[in-house]
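Novice: sequence first, then the predicted structure, then my questions.
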Protein chains: 2
Amino acid sequence: MRTAYYISDGTAITSEVFGHALLSLFPTEFNHITIPFVETSEHAERVNKQIARTFNDSGERPLVFYTIVNSDVREIVSNSVGINYNFLDQFVAPLEKILGIPAKPEKHRTHSIHEKTYDIRIEAVNYALANDDGANTDNYHDADIILVGVSRSGKTPTSLYLALQYGIKAANYPFTEEDMGDMLKLPPKLRRFKQKLFGLTINPERLHQIRSERRANSKYASMRQCRMELREVDNLYRRESIPFLNSTRYSIEEISAKILAETGLQRKKY
Amino acid sequence: MRTAYYISDGTAITSEVFGHALLSLFPTEFNHITIPFVETSEHAERVNKQIARTFNDSGERPLVFYTIVNSDVREIVSNSVGINYNFLDQFVAPLEKILGIPAKPEKHRTHSIHEKTYDIRIEAVNYALANDDGANTDNYHDADIILVGVSRSGKTPTSLYLALQYGIKAANYPFTEEDMGDMLKLPPKLRRFKQKLFGLTINPERLHQIRSERRANSKYASMRQCRMELREVDNLYRRESIPFLNSTRYSIEEISAKILAETGLQRKKY
């Protein structure tokens, strides 16, 4: 199996995302090794030795994806025996011409605490946790969005992703059987913030499966209960014109991107 | 201000990460617009019109970062009036030669529910939430790592990031004054899992600031209390040889990457 290295004097997240996207185009498996925070020439030399060992052991030149700000360190890694992808570099000179300004690489401009939006993201994470699962309905005036849906339809992981990646304050509220009665009505505490609501729904088979992993053979997990709850929320979304999304076939990354695209909600971080 | 577009028939996360990393090398601001899930020719035509409008309104050709699997859609976007960066494409043909296999782009291979590790990540998020802040100390046998530290030293956001991004089951436990007594000792429930512990610490000034935002003028937020608690955990980490990290100057991305590098913990997702 071919080995792919991801190397940086920062987190190496950019190298990983780029390399992973490129390699995912190929129908084969790779062995992945990330080495972040390579900040000294000595460390870079050790990395090169490791790459050489991988080459010796496997007989295949490793792929090496790297972004390195420190020029001494970069120079060393660019001479490894691997197949080197300094993938940002070739775009820099043409972009300098287009923008009419020279690039000015600075360490830690991405994925660091120095990003302008860092504190906003942490605050959003704390908000998502404090306002998860209907735990608190008093702070909805601060919410950027309030996700609603039945238990286990994907509200919590989506709230956390919106907070962590985009700095968006997402509360979430689960409709329970208590809310349903004869017919699910929008609780008054939610109605006041109706313009912030976004509904999630899910196929009953999938919901049954997820709930059964939690509480097998319970009423909560039964197909009948899942169908009933989903029918109620579906009716509610349509009656109240609440925008909604069926989460069944989507990852939290996809659900979050779709919510942003549909609502026009402004993210705090790019 | 120059506009950068990020376009994809998926989430556009890869385009955003690449484009953001490239633009962050330049000491200027950009206007960012993401358009995910461009899946039809009609949608692509609308996108091109929007790019043309931006050009007309600003007089500057927008930068367009895109990865699109559908060839019809890609063809249309590649003819926009923007400066087009189909940044993965040029690496594909050389890599086909190296690997000796043709690329086989499939929609949604990254950031989708079809990734092999998707369920593992969601399970890890649920684990992190259920075992946050010492809420539950009965599941530590399932933990990949247990973050320890005083209140507000960065344990919770780091646990969530480890779960969401890497599929790692991270519990976290806050040392409180109750644990301290005359001298902070390792609680028995933690000692049994000592090899899983990783400590966070933080500078007292920063801790004082963070706690003051929560509870101004409290004993909890006082410099004296912050100093005392941090001295106790610092002594504990050294006495018990628990690996630790000072989180003061690091983002959760950096803390997480450093923890992985230091512990050798195996991530579930790349």
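Specialist: It's in.
Novice: quick one: low-confidence parts of the stretch 51-200 of chain A?
Specialist: Applying pLDDT under 70 to the stretch 51-200 of chain A picks out residues A:108-109.
Novice: how about the residues of it near chain B?
Specialist: A:61, A:63, A:67, A:83, A:85, A:87-88, A:91-92, A:95, A:98-99, A:101, A:103-105, A:109-113, A:115, A:118, A:122, A:125-126, A:129, A:132, A:156-157, A:160-161, A:164 (CB under 8 Å from any CB of the partner chain). Quick note: C-beta positions are derived from backbone N, CA and C, even for glycine.
Novice: one more time with 6 Å, if that's ok
Specialist: Within the stretch 51-200 of chain A, the residues that sit near chain B (CB under 6 Å from any CB of the partner chain) are A:88, A:91, A:103-105, A:109-113, A:118, A:122, A:125, A:157, A:160.
Novice: ranges for the helices of the stretch 51-200 of chain A?
Specialist: A:71-77, A:89-99, A:118-130, A:155-166, A:177-180, A:188-191 (DSSP state H, counting those that start in this stretch).
Novice: let me have the ones you listed in CSV, extended by distance to B:Tyr220 and mean neighbour count.
Specialist: Compiled in CSV, the helices of the stretch 51-200 of chain A are given as follows (distance: least, CB to CB, whole Å; neighbours: other CB atoms under 10 Å in any protein chain shown):
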stretch, distance to B:Tyr220, mean neighbour count
helix A:71-77, 42, 17
helix A:89-99, 48, 14
helix A:118-130, 16, 19
helix A:155-166, 24, 25
helix A:177-180, 35, 14
helix A:188-191, 30, 13
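Novice: go through those helices and name the closest to B:Glu262.
Specialist: Nearest of the helices of the stretch 51-200 of chain A to B:Glu262, taken as CB to CB: helix A:71-77 at 19.4 Å.
Novice: what's that closest one packed up against?
Specialist: If contacts are counted by 3 or more CB pairs under 6 Å, 6 or more residues apart in numbering or on different chains; DSSP states H and E, helix A:71-77 sits against helix A:41-58.
Novice: just the buried positions in the helix it packs on, please.
Specialist: A:43-44, A:47-48, A:50-51, A:54-55 (16 or more other CB atoms under 10 Å in any protein chain shown).
Novice: tell me which of the residues of the stretch 51-200 of chain A next to chain B is nearest to B:Asn203?
Specialist: For these, the nearest to B:Asn203 is A:Ile113 (12.8 Å; CB to CB).
Novice: give the contact list for that closest one.
Specialist: Shown in contact with A:Ile113 (CB atoms under 6 Å, 6 or more residues apart in numbering or on different chains): B:250-251.
Novice: one more time with 7 Å
Specialist: Taking CB atoms under 7 Å, 6 or more residues apart in numbering or on different chains as the contact definition, A:Ile113 lies against B:249-251.
Novice: same check, this time on A:Ile168
Specialist: The contact partners of A:Ile168, by CB under 7 Å, 6+ apart, come to A:124, A:144-145, A:162, A:265, A:267-268.
Novice: measure it to chain B for me?
Specialist: 13 Å (CB to the nearest CB, to the nearest Å).
Novice: which residue is the nearest non-sequential neighbour of that residue?
Specialist: Nearest residue to A:Ile168 in three dimensions, chain neighbours excluded: A:Leu162, at 4.3 Å (CB to CB, 6 or more residues apart in numbering or on different chains).
Novice: touching, that neighbour and A:Ser256? I think so.
Specialist: Yes. Assessed by CB atoms under 7 Å, A:Leu162 is found in contact with A:Ser256 at 5.4 Å.
Novice: out of the contacts of A:Ile168, which sit inside strands?
Specialist: Judged by DSSP state E, strands contain the following of the contacts of A:Ile168: A:Ile145.
Novice: the stretch 101-250 of chain A: strands as residue ranges?
Specialist: Along the stretch 101-250 of chain A, counting by DSSP state E, counting those that start in this stretch, strands occupy A:145-150, A:170-175, A:197-201, A:244-246.
Novice: save the helices of the stretch 51-200 of chain A as a markdown table, and put in distance to A:Asp234 too.
Specialist: Below are those laid out as a markdown table (distance: least, CB to CB, whole Å):
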| stretch | distance to A:Asp234 |
| --- | --- |
| helix A:71-77 | 54 |
| helix A:89-99 | 47 |
| helix A:118-130 | 25 |
| helix A:155-166 | 16 |
| helix A:177-180 | 13 |
| helix A:188-191 | 16 |
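Novice: which of these sits closest to B:Arg227?
Specialist: Once the helices of the stretch 51-200 of chain A are compared by CB to CB, helix A:118-130 is nearest, at 22.8 Å.
Novice: and that closest one, what does it pack against?
Specialist: On a contact count with 3 or more CB pairs under 7 Å, 6 or more residues apart in numbering or on different chains; DSSP states H and E, helix A:118-130 meets helix A:155-166, helix B:155-166.
Novice: report the angle between it and helix B:155-166.
Specialist: 90 degrees (axes from the mean of the first three to the mean of the last three CA atoms, to 10 degrees).
Novice: off-centre distance for helix A:118-130?
Specialist: Averaging C-alpha positions (CA atoms, centre = their mean, to the nearest Å) puts helix A:118-130 15 Å from its chain's average.
Novice: how about residues contacting it?
Specialist: Residues contacting helix A:118-130 (CB under 7 Å, 6+ apart): A:136, A:142, A:159-160, A:163-164, A:167-170, A:268-269, B:156-157, B:160, B:251.
Novice: just give me the closest of the residues you listed to A:Phe37.
Specialist: Closest to A:Phe37 out of the contacts of helix A:118-130 is B:Ser251 (12.7 Å), distances taken as CB to CB.
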